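*Asks:* Next one to model:
(one chain, ligands or ions: 2)
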Amino acid sequence: MVSKIGPTGYGIAMTHPLDPDLAERLARARADLRIGLPVLIEDQTDRALALAAETAGPARFAALRGVAGALLAIGARRAATLKARAYDGDLARLRLPPDADLAWLRATADPARDLAAPLKGPYVALRDGEGGVSAGLARAALRLAKGARLLPAMVLAPWKAEEPAGLVRVSVAEMAAPPLSRLSEVVSARVPLAVSRAGRLHVFRSPLEDAEHVAVEIGAPPRDRPVLARLHSACLTGDIFGSVKCDCGPQLHAALARMAEEGAGVLLYLDQEGRGIGLANKMRAYSLQDQGFDTVEANHRLGFEDDERDFRAGAQMLAALGFSAVRLLTNNPAKVRRMEEAGIAVTERVPLRVGETPENAAYLATKIARSGHLP
Ligand SMILES: Nc1nc2c(ncn2[C@@H]2O[C@H](COP(=O)(O)OP(=O)(O)OP(=O)(O)O)[C@@H](O)[C@H]2O)c(=O)[nH]1
Ligand SMILES: [Zn+2]
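*Replies:* Ligands and ions are numbered 1, 2, ... in the order given. Take a look at the predicted model:
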């Protein structure tokens, strides 16, 4: 059947080469949420404007709150802390009180503020069929927030009117199958390091993220043999400031030293701060840890998985540099599995146990007890 679609012709919808594609619209949606702009989310029957609770400004929040059927979607764990029922399983849709202001919004969204901001309840959770935005749209909105490294708490307003000019529009179906981002090398240059003068840094970017990942190559590792490699996730606190709350800094330096000793290696420094939740959320997790929650529980209370990293970036960088097999410096068997799944053979796991302190003993024990790390 031939159907007429838009101004571009007949049959399949044609797009103009200058139109943003799905991956680009998703990247823009994440960027817009981070700067406090709403995104239009739709499924076959409904559409809603979605604004991140964490970045919403007063005027935009007021504009959405004024729409009949507007609500706040949060994760089920957050709802439990707020003593609100989660009728939608993994999430709850809360009624927006008419006098709700930004202080209410942020205090409701952010578990790290619970001690400072007395809770703003009681909260009224909406049941199936109530509220102007479905659980399906709300779920997609929360996923988008997490992808933007924002707290999963979204103001949603049903939107029947004309599409507001300039806002990004994505559908739930599109979000279900986000395209894999492809990294490519932007530049490489020689950087003599304290541990080895034969250092070279390769910078990688994906067109879809603002992340920049770095491969530190030491010596001239032959490409036809397994290379000593480390997948290191960025840790500003440990790597730069010498925090003793984790073991990252010592692991980083020990890995480089080991590569220098052997004369060759590759350290992939992945722009995935806080196991992929971003620096601000890691600090929120730290503030919850100060209240007695462990590293896994703290992530969960914020609405994130305990590990949100995607190690395919590391595998893509290794492949781009010409490596197909590694001897991987890690205590985390999940990293070995992820590498193999991504097509990089792991011929050996090389343990990396350094930097234990009284302050990180409980953190390291939790990773062994709950995250599958090897002792
Ligand atoms: N969310 C969260 N992230 C943390 C916490 N402590 C450290 N991190 C992050 O965890 C990551 C460190 O993980 P890695 O050392 O790369 O890997 P690993 O899974 O511990 O496995 P190894 O290879 O054995 O070190 C960094 O991104 C840190 O910022 C925490 O308490 N909460
Ligand atoms: Zn760390």
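*Asks:* Low-confidence ranges, the stretch 151-300 of the chain, go.
*Replies:* Scanning the stretch 151-300 of the chain for pLDDT under 70 picks out no residues.
*Asks:* and it, which of its residues are near ligand 2?
*Replies:* Contacts of the stretch 151-300 of the chain with ligand 2, taken as C-beta under 5 Å from the ion, map to Cys235, Gly238, Cys246, Cys248. Any C-beta I mention is one placed from the backbone N, CA and C, and that applies to glycine too.
*Asks:* again, only this time at 6 Å
*Replies:* Contact residues, the stretch 151-300 of the chain versus ligand 2 (C-beta under 6 Å from the ion): Cys235, Thr237, Gly238, Cys246, Cys248.
*Asks:* Among those, which are located in helices?
*Replies:* Counted as lying in helices by DSSP state H, out of these, are Cys248.
*Asks:* Filter the residues of the stretch 151-300 of the chain next to ligand 2 down to the buried ones, PyMOL style.
*Replies:* Per 16 or more other C-beta atoms under 10 Å, the buried members of these correspond to this PyMOL selection:
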select buried, resi 235+237+238+246+248
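*Asks:* now the strands for the stretch 101-250 of the chain?
*Replies:* With strands called from DSSP state E, counting those that start in this stretch, the stretch 101-250 of the chain shows them at 153-158, 169-171, 184-190, 199-205, 212-218, 227-233.
*Asks:* Looking at these, which one is packed in the most?
*Replies:* Greatest average neighbour count among these goes to strand 153-158 (a mean of 26), per mean count of other C-beta atoms under 10 Å.
*Asks:* ok, it: who's next to it in the sheet?
*Replies:* According to DSSP bridges, strand 153-158 forms sheet pairs with strand 47-52 (antiparallel), strand 71-75 (antiparallel).
*Asks:* mind listing what's buried in the longest one?
*Replies:* Of the residues in strand 47-52, those with enough neighbours to count as buried (16+ other C-beta under 10 Å) are Arg47, Ala48, Leu49, Ala50, Leu51, Ala52.
*Asks:* Now do Ala362: how many residues are near it, please.
*Replies:* Counted by other C-beta atoms under 10 Å, the residues lying close to Ala362 total 13.
*Asks:* I meant Lys245, not that one.
*Replies:* Number of residues near Lys245 (other C-beta under 10 Å) recorded here: 16.
*Asks:* just checking, it touches Glu359?
*Replies:* Yes: between Lys245 and Glu359 there is a contact under C-beta atoms under 8 Å: 5.5 Å.
*Asks:* and Asp99, how many neighbours does it have?
*Replies:* Other residues within reach of Asp99, judged by other C-beta under 10 Å, total 7.
*Asks:* can you check Val39 too?
*Replies:* Count around Val39 with other C-beta under 10 Å applied: 26.
*Asks:* Next up, the contacts around it.
*Replies:* Ala29, Asp32, Leu33, Leu49, Ala50, Leu144, Leu167, Val168, Arg169, Val170 (C-beta atoms under 8 Å, 6 or more residues apart in numbering).
*Asks:* Give me the spatial nearest neighbour of Arg34, chain neighbours excluded.
*Replies:* Excluding the flanking residues, the one nearest Arg34 by C-beta to C-beta, 6 or more residues apart in numbering is Ala148, at 5.3 Å.
*Asks:* What is the burial count for the one you found?
*Replies:* 22.
*Asks:* Tell me who's in contact with it.
*Replies:* Applying C-beta under 8 Å, 6+ apart to Ala148 gives the contacts Ala29, Arg30, Ala31, Leu33, Arg34, Ala52.
*Asks:* Next: Ile74.
*Replies:* Neighbour list for Ile74: Leu82, Ala84, Leu91, Ala92, Leu94, Thr108, Ala109, Leu142, Pro152, Ala153, Gly303 [criterion: C-beta under 8 Å, 6+ apart].
*Asks:* Serialize those residues to CSV and add fields for distance to Val203.
*Replies:* Shown next, in CSV, are those (distance: C-beta to C-beta, whole Å):
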residue, distance to Val203
Leu82, 43
Ala84, 45
Leu91, 38
Ala92, 42
Leu94, 43
Thr108, 40
Ala109, 34
Leu142, 32
Pro152, 31
Ala153, 34
Gly303, 32
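*Asks:* Quick one: the residues you listed as CSV, columns for distance to ligand 1 too.
*Replies:* As requested, the contacts of Ile74 are exported to CSV (distance: C-beta to the nearest ligand atom, whole Å):
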residue, distance to ligand 1
Leu82, 22
Ala84, 25
Leu91, 21
Ala92, 23
Leu94, 25
Thr108, 22
Ala109, 18
Leu142, 18
Pro152, 14
Ala153, 18
Gly303, 12
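*Asks:* Pull out the buried members of these.
*Replies:* When those are checked for burial by 16+ other C-beta under 10 Å, the buried set is Leu82, Ala84, Leu91, Ala92, Leu94, Thr108, Ala109, Leu142, Pro152, Ala153, Gly303.
*Asks:* So which of those is the closest to ligand 2?
*Replies:* Using C-beta to the ion, Gly303 comes nearest to ligand 2 of the buried ones among the contacts of Ile74, at 21.0 Å.
*Asks:* Contact partners for that closest one?
*Replies:* Gly303 neighbours (C-beta under 8 Å, 6+ apart): Ile74, Gly75, Arg77, Arg78, Leu142, Lys146, Leu151, Pro152, Ala153.
*Asks:* before we move on, what about Arg106?
*Replies:* Applying C-beta under 8 Å, 6+ apart to Arg106 gives the contacts Ala53, Glu54, Arg113, Ala117.
*Asks:* Most neighbours among the residues you listed, please name it.
*Replies:* Most neighbours among those, by other C-beta under 10 Å: Ala53, with 24 neighbours.
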